[in-house]
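Colleague: Here is a sequence with its predicted model. Questions after.
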Amino acid sequence: MMNFIYRILLTFNSTSLIIVVFLVKEQILIKWHPKLSFLPDYVSYLIYFLVPVILTLFSLILARFLSDDSLEKSEEKKLIDGKEKILLVSKISEVEQANNAFLPSYLGYFFVALSVPYCETLIFVFAILFVFTFFSQTLYFNPLFLLFRYQFYYLTTKTNTKIFVITKKSLKNPENIDLPKLKRINDFTFIDKSK
Amino acid sequence: MNHLIVQIKGNNSGLYKVLSNKSIFDLPDDLDNPKIYNTDYKLEDDEWFHIPNFSSTAYCIELLKKPFVSADYDQIALSEYKNMQFLCAYQSGIYLFQKLSPIHMIQRKWFTISNAPVLEENKTIIVINDLPDAIYVKAEDILYFKKLTSISSIFKGVSELYKEATQQETETFLKSSFIKLEDGYNADKVKTANRKRIALAMETFKKFTPKEKKSVSDYIKDYCQNLTFDTKKSNFSIKNEDDLKHLLWGIEQRYYTTPISKEKRVANSVSPI
């Protein structure tokens, strides 16, 4: 159940920028109290933008309640110079950065938001995108994670399974990858909670 | 990190993840003196059978041959719990298996002992045994187990270690010159326990020289006085399962006399020292 709620939240976070772009395009402003009427328009826009940012932060805090998982290095016996030694071996064979992979889909989202004429159309389009993002499982790209210094990676394990990992670590050499404190968002997406 | 995975049978058969970061079984501390499997040997409480170089045997499963990566396994779906076949706990390089049968899945009303007990209904719980059915230590490549029947559904083909004479072999054995069947007793009436003994006795008997075969007859005659021996034809009359059992014990030289008190005994479990 926790997992389901979490996935709804992640889906909302990764698609909600559409609503922000739409509100900015339509120049819809927050109706301030008369005493606050001196505030410029961009304050409203900033507040719209802050909502998904705060929800993203909230989702990062909630991640601790997800089920545990790990991709830590494991001990393996290897023959080195004729001597048997126990080495710590990574479980990853390939790593591919995915930070920019969200760009095409995000540009798509923005163009949709900019060209949608009515509020009803936006609600309908947003609902469709929401459902597809939720079920696509691998598409939880949320560029707001980048603000919290999280990065996206595709990792291929030594058993040839490709998974999507969200982590603060900079992953480059597959042999050095050690992720002992993962949380499972779904069967393909994992978030790293180690500091 | 420790992980618990489960084998599912049926349409979505395969291994699935149950939970992580918990130790499921305690590793037994009596694995240091394991025995090679022998149908004839009854384990003491602190003993285990073992199969060395397990990964090179035909019954080793794929899971044990590759590195353990928990991310490979999807989370088990609620609807699949009823199809569980066995559990495998991965605990720091050691795989601990438990076969699951309907007795491990309990669907009763229950509550835990606490200050505010809550009655739980219609919730199935899965019971974990104190001891796993099999333990595989990857670093040593050894599989430990207590009962072959408990692991035969986990490691397909391992039951070939449990030799039982076929109908053909049983018939051939009962036609041996030192056996005379009486009272309508025949190969069809030989039950599993004696078939296992026949499989072993045939191996033992093959290794005897003609002289040894003669001495074994004398030895059996000496210890099994309830078996009728025809001196002219030098054969034993076998009328039932019990007679056959005593004869087979004789071939395995299970009868002995204690050296000091001179008491005649039969060993119900044997292993070479």
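Modeller: Structure received.
Colleague: show me what contacts A:Lys77?
Modeller: With contacts defined as C-beta atoms under 8 Å, 6 or more residues apart in numbering or on different chains, A:Lys77 is in contact with A:Glu84, A:Lys85, A:Ile86, A:Leu87, B:Ala139. In short, each C-beta sits where N, CA and C put it, glycine included.
Colleague: As CSV, those residues with distance to B:Asp222, pLDDT and secondary structure would be great.
Modeller: Listed next are these as CSV, based on distance: C-beta to C-beta, whole Å; pLDDT from 0 to 100; DSSP: H, G, I helix; E, B strand; the rest coil:
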residue, distance to B:Asp222, pLDDT, secondary structure
A:Glu84, 54, 78, strand
A:Lys85, 60, 80, strand
A:Ile86, 57, 80, strand
A:Leu87, 62, 82, strand
B:Ala139, 50, 87, coil
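Colleague: now the closest residue to B:Glu171 other than its chain neighbours: how far from B:Lys163?
Modeller: Among residues not flanking B:Glu171 along the chain, B:Ala187 sits closest, at 4.3 Å (C-beta to C-beta, 6 or more residues apart in numbering or on different chains). Separation of B:Ala187 from B:Lys163 (C-beta to C-beta, to the nearest Å): 17 Å.
Colleague: ok so, going back, test my guess that the residue nearest to B:Glu171 contacts B:Glu169.
Modeller: No. The criterion here is C-beta atoms under 8 Å, and B:Ala187 misses it with B:Glu169 at 9.2 Å.
Colleague: Now B:Pro34: closest residue in space, sequence neighbours ignored.
Modeller: Spatially, and ignoring its direct neighbours in sequence, B:Pro34 is nearest to B:His50 (3.6 Å; C-beta to C-beta, 6+ apart).
Colleague: can you pull the contacts of that neighbour?
Modeller: Counting by C-beta under 8 Å, 6+ apart, B:His50 has contacts B:Leu31, B:Pro34, B:Lys35, B:Ile36, B:Tyr37, B:Ile142, B:Leu143, B:Tyr144, B:Phe145.
Colleague: Just the element for it, please.
Modeller: strand B:49-51 (DSSP states H and E).
Colleague: average pLDDT across that strand?
Modeller: Strand B:49-51 shows a mean pLDDT of 91.
Colleague: After it, heading C-terminal, what element do we hit next?
Modeller: Criterion used, DSSP H and E; the element after strand B:49-51 is helix B:62-65.
Colleague: touching chain A at all, that following helix?
Modeller: No. Judged by C-beta under 8 Å from any C-beta of the partner chain, helix B:62-65 and chain A are separated, with a smallest distance of 9.9 Å.
Colleague: For that helix, what is the distance to the chain centroid?
Modeller: From the chain centre to the centre of helix B:62-65 is a distance of 22 Å (C-alpha atoms, centre = their mean, to the nearest Å).
Colleague: Any chance you could list what contacts it?
Modeller: Under C-beta under 8 Å, 6+ apart, the answer for helix B:62-65 is B:Leu15, B:Phe54, B:Ser55, B:Cys88, B:Tyr95, B:Tyr136, B:Lys138.
Colleague: Please export the C-alpha coordinates of the following helix or strand past it as CSV.
Modeller: Past helix B:62-65, further along toward the C-terminus, the next helix or strand under DSSP H and E is strand B:84-91. C-alpha atoms of strand B:84-91 as CSV (Å, rounded to 0.1, in the frame of the first residue of the first chain):
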residue,chain,number,x,y,z
MET,B,84,4.8,-20.8,-3.3
GLN,B,85,7.1,-23.8,-3.6
PHE,B,86,10.2,-23.1,-1.4
LEU,B,87,11.8,-20.2,0.4
CYS,B,88,15.4,-19.2,-0.1
ALA,B,89,17.1,-16.9,2.4
TYR,B,90,20.3,-15.3,1.2
GLN,B,91,22.5,-14.4,4.2
